[in-house]
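Visitor: Sequence first, then the predicted structure, then my questions.
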Amino acid sequence: MDATALLIASSLNAGTVLAIAALGLLINEKAGIVNLGAEGLMLCGALAGFAAVVHVGATGWGFLAGAAAGAVLSLVFGWLVIWLNTNQYATGLALSLFGAGFSAFAGIPYTQAKLPDQGMSAVPFLSELPFIGPALFRQHPMAYFAVFLTLALIWFLYRTRAGLVLRSVGESPESAHALGYPVRRIRLLAVVVGGALCGLAGAYVSTVYTPLWVEGMIAGKGWIALALTTFATWRPARVLLGAYLFGGLTMVQFHLQGMGVNVPSQVLTMLPYLATVVVLVLISRNPLWIRTNMPQSIGKPFYPGS
Amino acid sequence: MLRLEVRPQPSRAWSYASPVLALVVTVLIGIGLFMVLGKDPVRGLQVFFVEPVKSWYAVGELMVKATPLLIIGLGLAVCFRSNVWNIGAEGQFVIGAVCAGGVALMADKTTGPWILWAVLAAGVLGGMFWASLTAVLRDRFNANEILVSLMLVYVAVQVLNYLVYGPWKDPMGFNFPQTQTFEKAAQVPRLFTGSRVNMGLLLALAGVVAVWLYLFRTHSGFAQQVGGLAPAAARYAGFSSRRALWIALLLSGGMAGLAGALEVAGPIGQLTPHVPVGYGFAAIIVAFVGRLHPAGIVFSAVLMSMFYIGGELAQSRLGLPKAITGVFQGVLLFVLLACDTLIAYRVKWGSR
């Protein structure tokens, strides 16, 4: 019983990382931009966050630094793909390669550093409930933030005028432009907000989740987050559920290892990646699902007057 | 305000000049970085661009690193020209290395030199097999090839780790996670004494000619490119997009696998967890900087190899971490993509 509660709690924690990054990427994609640089953004966010906590001390600064790093890098990405019309895939790839290289380079002084373990904060009363308490209500505040972010995004995208404009920019930039909306600025804003969330997710990994800095520590979480947006057919609530599902999978892997199940550890390490492939296959095999939900102009450049 | 104006025709001149401009800008950024880090920029440039060509031995080392980049980059050029986004070459490289290693480990003292061809063939087939997983999932289930091929990189690395930490570990290896060193017959012969350059370089150069012939002198190569540039036109002409997908992935997977085989049966000589060093990812940059053209890729592979060697020298000579290589690689691709805008657009100042 206790072990199950712990498994659920740790799955939600692992899912939080994926959820925040994937929600950021969802905002990008709703505006019609695919950012393959998520892995690089998360790595740089992780390093910036870790360094900030080492130098300043409070985790809050770490989150801020991570988000800022993600925002700055995605600003460069956004300028390239939106104003210079570079290929989104190639540019995102460049961002991932650069982020991996830069964080490995700049992170060397921090590889030996240690951070104090972050205590999880318990929600008063609710955390005292049997089973449900330890499973759901003894998390880092960021875990609740992910849920809040999901709800906020649902409200924003489907209940506000600004959300409608954002979606129209991703569906049909030509129409949005004809109606007088600044398509490129809206896209850039979406890219920067999405990048900041990726950076924030990275900072959460390095300052709370692990907490340490190792070169390449994001280990594909950025790519899994990208896959999650497709898996969720671009719906925020499904992104959150998908993230928890994958978080659970990561944790089952650790728990199996802990229980001494006789499977080579490498096979267990493969699980999240294999699961991503399986999930992509399951969701993509029905082209109708994808076509009806995918923002219509995703990945396509838009240049007014061309 | 900066304004872009579409050129009536893409500029040929800029398509050649853009990589050169990108390199110049990258070097300027590098000089800035050296100054920020308090290192002499002249010394830094020497380490990256002079020392790697200073002696015959150094040039040999340059070729040793350029060989896998060239081979993988050639395959990726065909892939990207077909608009198939295989970014998992690193995984295909690793599985090629694993399959080649498996064959090489079967050799003993009495095995003839034919085994080398079996080793290389196993590498090619291994790489093709790994790429075919991506192809089948894209073809049958429409799964995104970018994400699938990338996820399979992580899986491939774990396959390698499992083998070298487990069943294939050298029993006499003091418990290090590595296989036995391959028998002499299973290793790629070197071309000269006093240099590590091996037959792989000749295969890579043959590959340059072969890929050039394929792309520009065969019907199939033409169909690949039409499919990449204008899918609608390709459909109208009756070129199968499924066929294009399979050719692109099998070819690039096979090339990456060959590079993996040449690497483990060449400079490394055994399987270790350190086989994947990012050549598969660097080759993406090689392909783009080389304009997806076989001749261009020769230059960009050598350039990228200089970045690798320069990074190692920067570590030993200047006390900079060798991870600086990754920074320069990333910057180069970024800047190149920005410069490529000049091919299709004219930059104008002022508003219309």
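Guide: Noted; the coordinates are in hand.

Visitor: Just the endpoints, please. Distance across stretch A:24-40?
Guide: 14 Å (C-alpha to C-alpha, to the nearest Å).

Visitor: Are we agreed that residue A:304 is in a strand?
Guide: No: judged by DSSP: H, G, I helix; E, B strand; the rest coil, residue A:304 forms no part of a strand; its state is coil.

Visitor: Now do the same contact list for the spatially closest residue to it that is not a sequence neighbour.
Guide: Nearest non-adjacent residue to residue A:304, counting by C-beta to C-beta, 6 or more residues apart in numbering or on different chains: residue A:177, 5.5 Å away. For the C-beta atoms, the positions are set from N, CA and C on the backbone; glycine is no exception. Residue A:177 sits next to A:183, A:302, A:304 when contact means C-beta atoms under 8 Å, 6 or more residues apart in numbering or on different chains.

Visitor: repeat that with 10 Å
Guide: Shown in contact with residue A:177 (C-beta atoms under 10 Å, 6 or more residues apart in numbering or on different chains): A:168-169, A:183-184, A:302-305.

Visitor: Residue A:293 too?
Guide: Residue A:293 makes contacts with A:230, A:232-235, A:238, A:283, as judged by C-beta under 10 Å, 6+ apart.

Visitor: Of the residues you listed, which is the most crowded?
Guide: Counting neighbours by other C-beta atoms under 10 Å in any protein chain shown, residue A:230 leads the contacts of residue A:293 with 23 neighbours.

Visitor: Residue A:281 versus that one, what's the distance?
Guide: Taking C-beta to C-beta, to the nearest Å as the measure, residue A:230 falls 11 Å from residue A:281.

Visitor: Identify the contacts common to the two.
Guide: Residues within reach of residue A:230 and of residue A:281 at once, by C-beta under 10 Å, 6+ apart, are B:143-144.

Visitor: Quick one: the strands in the stretch 51-200 of chain A, in order.
Guide: Using DSSP state E, counting those that start in this stretch, the strands of the stretch 51-200 of chain A run over residues A:121-122, A:138-139.

Visitor: Most tightly packed of the ones you listed?
Guide: Among the strands of the stretch 51-200 of chain A, ranked by average contacts under mean count of other C-beta atoms under 10 Å in any protein chain shown, first place goes to strand A:138-139 (a mean of 20).

Visitor: other SSEs contacting it?
Guide: For strand A:138-139, the contact count by 3 or more C-beta pairs under 10 Å, 6 or more residues apart in numbering or on different chains; DSSP states H and E identifies helix A:2-30, strand A:121-122, helix A:141-159 as packing neighbours.

Visitor: Dump the contacts of residue A:293 into CSV; add pLDDT as well.
Guide: Output for those, formatted as CSV (pLDDT from 0 to 100):
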residue, pLDDT
A:230, 91
A:232, 92
A:233, 92
A:234, 94
A:235, 94
A:238, 95
A:283, 89
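
Visitor: Where does pLDDT dip in the stretch 251-352 of chain B?
Guide: Residue ranges of the stretch 251-352 of chain B with pLDDT under 70: B:350-352.

Visitor: picking that back up, the strands of the stretch 51-200 of chain A: which one's closest to residue B:84?
Guide: Nearest of the strands of the stretch 51-200 of chain A to residue B:84, taken as C-beta to C-beta: strand A:138-139 at 42.1 Å.

Visitor: who's in contact with the closest one?
Guide: A:5-6, A:9-10, A:12-13, A:16, A:119-123, A:126-127, A:145-147.

Visitor: Would you mind listing which of these are buried?
Guide: Buried residues within the contacts of strand A:138-139, counting neighbours by 16 or more other C-beta atoms under 10 Å in any protein chain shown: A:5, A:9-10, A:12-13, A:16, A:120, A:127, A:145-146.

Visitor: could you redo these as CSV and give each row pLDDT and distance to residue B:307?
Guide: Shown next, in CSV, are the buried ones among the contacts of strand A:138-139 (pLDDT from 0 to 100; distance: C-beta to C-beta, whole Å):
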residue, pLDDT, distance to residue B:307
A:5, 85, 50
A:9, 88, 45
A:10, 88, 41
A:12, 91, 42
A:13, 91, 39
A:16, 96, 37
A:120, 65, 44
A:127, 76, 52
A:145, 95, 40
A:146, 96, 39
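
Visitor: weakest of the helices and strands packed on strand A:138-139 by average pLDDT?
Guide: Note on the helices and strands packed on strand A:138-139: lowest mean pLDDT is at strand A:121-122, with a mean of 70.

Visitor: Give me every residue in the stretch 101-250 of chain A lying close to chain B.
Guide: A:101-109, A:215, A:219-220, A:223-224, A:226-227, A:230 (C-beta under 10 Å from any C-beta of the partner chain).

Visitor: Name only those of the residues you listed that count as buried.
Guide: Using 16+ other C-beta under 10 Å, the buried ones in these are A:101-107, A:215, A:219-220, A:223-224, A:226-227, A:230.

Visitor: so which of those residues comes closest to residue B:114?
Guide: Among these, and counting by C-beta to C-beta, the member closest to residue B:114 is residue A:220, at 39.7 Å.

Visitor: Is the closest one in contact with residue A:21, as I believe?
Guide: No: using C-beta atoms under 10 Å, residue A:220 makes no contact with residue A:21, being 11.5 Å away.

Visitor: Centre of the chain to stretch B:67-75, how far?
Guide: On the basis of C-alpha atoms, centre = their mean, to the nearest Å, stretch B:67-75 sits 4 Å off its chain's mean C-alpha point.

Visitor: residue contacts, the nearest residue to residue A:42 once chain neighbours are set aside?
Guide: Leaving aside its chain neighbours, residue A:42 sits nearest to residue A:202 (3.6 Å; criterion: C-beta to C-beta, 6+ apart). Residues in contact with residue A:202, defined by C-beta under 10 Å, 6+ apart, are A:17, A:20-21, A:38-50, A:66-67, A:69-70, A:99, A:103, A:209, A:217-218, A:221-222.
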